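Novice: just the structure for this:
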Amino acid sequence: MLEKLRAWAQALKRQIVIVWHLARDPKTPWWLKAWFGITLAYALSPIDLIPDFIPVFGLLDDLILLPFFIWLGMHFSAPQVLANARAAADAALRLPASRAGAIGIAAIWALAIGATAVYFWRKT
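Specialist: This next block holds a predicted model:
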């Protein structure tokens, strides 16, 4: 079960990268770019149609709507543009993770948390 869920999450990650490449392709029509922009904004937005704190239904809209938005956009994409976006996404996902980048992001978070703690500590 866990392996199946992990494979589904990897496939969704790949689909989002494909959408990103489709949205940036100059051969994609403007209205489809707008659709992909809305899809990516919905995927990254903390605001949902059904709030996440509602049990089951809060996450269900993400599990149903996001794949549907992606599928619909890909359905209207030109086959050659879609093939190019898939190849670009596969190449992007094969890149190794950067340890220096991860350390840099962790350092930024540590500094932000430390600065917030110092700010509130001095206030009291």
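Novice: show me where the chain has helices.
Specialist: Taking DSSP state H, the helices of the chain run over residues 2-24, 30-44, 57-75, 79-93, 99-123.
Novice: residues of the longest one that come out buried?
Specialist: By neighbour count with 16 or more other C-beta atoms under 10 Å, helix 99-123 contains no buried residues. Quick note: C-beta positions are derived from backbone N, CA and C, even for glycine.
Novice: how about the second one?
Specialist: For helix 30-44, the buried set under the neighbour-count rule, 16+ other C-beta under 10 Å, comprises 32, 33, 35, 36, 39, 40, 42, 43.
Novice: can you check the third one too?
Specialist: By neighbour count with 16+ other C-beta under 10 Å, helix 57-75 contains the buried residues 61, 62, 65, 66, 69, 70, 73, 74.
Novice: look up how far residue 23 lies from residue 59.
Specialist: From residue 59 across to residue 23, the span is 25 Å (C-beta to C-beta, to the nearest Å).
Novice: burial count for residue 48?
Specialist: By other C-beta atoms under 10 Å, 16 other residues sit near residue 48.
Novice: now the residue lying closest to it once chain neighbours are set aside: how far from residue 49?
Specialist: Leaving aside its chain neighbours, residue 48 sits nearest to residue 61 (5.8 Å; criterion: C-beta to C-beta, 6 or more residues apart in numbering). Residue 61 sits 5 Å away from residue 49, taking C-beta to C-beta as the criterion.
Novice: ok, now residue 82?
Specialist: For residue 82, the distance to residue 49 equals 27 Å [C-beta to C-beta].
Novice: ok, these two, which is more surrounded?
Specialist: Taking other C-beta under 10 Å, residue 82 and residue 49 do not tie; residue 82 has more neighbours (19 against 10).
Novice: who's in contact with the residue nearest to that one when sequence neighbours are not counted?
Specialist: Distances taken as C-beta to C-beta, 6+ apart put residue 74 closest to residue 82, at 6.1 Å, once the chain neighbours are dropped. Counting by C-beta atoms under 8 Å, 6 or more residues apart in numbering, residue 74 touches 15, 18, 19, 22, 82.
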